[in-house]
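>>> Next input, structure requested:
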Amino acid sequence: LLSQSSDDENGKQGLAEAQARAQGSRTGSTEESEHEDAEVAPFVLMSVSGRWYAAGALDVQKVVFKGSVTRIPGHSSHILGLALVHDALIPVVDLAALANSASTPNERVLTQPRLVVLGSDEDNVAVVVEEAYGIEQLPKKMEGKASGVIAGETFWKGETVSFLNVEELVLAAHDESGRS
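Numbering: from 1, shown residues only. The predicted structure follows:
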């Protein structure tokens, strides 16, 4: 599901271990968790314009290489268009614009851009990401103020991570695209 870089200095785990962690299993890793005392849940981490975001692992439908995105005339700038993903048309949004995030180039990008499809089979949305890191256990308790598509923040390996409010993200895409 999630790809990984071959020159991985951060010690990323394999997909099987990530899936086991998402199901709440322990893999026997000796890595110390930054959030040992907090109640945690599985989140998929992704990088957009040099900033880290997290979505609940169960909210992530798929991660695919970014193909073409067809613009829709007359829509807001945060709607990038529609993408055909596994025989389904999915609205693609500009996460940085929706999150009111300054766009900065990410020089660590080692892979082709991907689409992360979030939501349910009926109501979904895709975001373009530079990197899909994998599944990590992050604290359920979110710090910071919730605003629009951002549900809160936490820290992970020295980086600020913004939690996505997937329901708001889906609503922002579908209200604009006219789909229900």
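
>>> and residue 149, how many neighbours?
Neighbourhood size, residue 149 [other C-beta atoms under 10 Å]: 26. In this view, the C-beta of every residue, glycine as well, is placed from N, C-alpha and C.

>>> Next up, the contacts around it.
95, 98, 99, 164, 165, 168, 169, 172 (C-beta atoms under 8 Å, 6 or more residues apart in numbering).

>>> And residue 44, by the same measure?
So residue 44 contacts 2, 54, 55, 56, 57, 60, 63, 116, 132, 133, 134, 135 (C-beta under 8 Å, 6+ apart).

>>> between these, which is nearest residue 157?
Closest approach between the contacts of residue 44 and residue 157, by C-beta to C-beta: residue 133, at 9.8 Å.

>>> Please report phi then psi for residue 75.
When read as degrees, to the nearest 10, the backbone of residue 75 gives phi -100, psi 160.

>>> State the distance from it to residue 172.
11 Å (C-beta to C-beta, to the nearest Å).

>>> same thing with residue 78?
Here residue 78 is placed at a distance of 7 Å from residue 172 (C-beta to C-beta).

>>> Show me whatever sits in contact with both of those two.
With C-beta under 8 Å, 6+ apart as the test, residue 78 and residue 172 both reach 93, 98.

>>> Between the two, point out the one with more neighbours.
The residue with more neighbours, out of residue 78 and residue 172, is residue 172; 20 against 16, by other C-beta under 10 Å.
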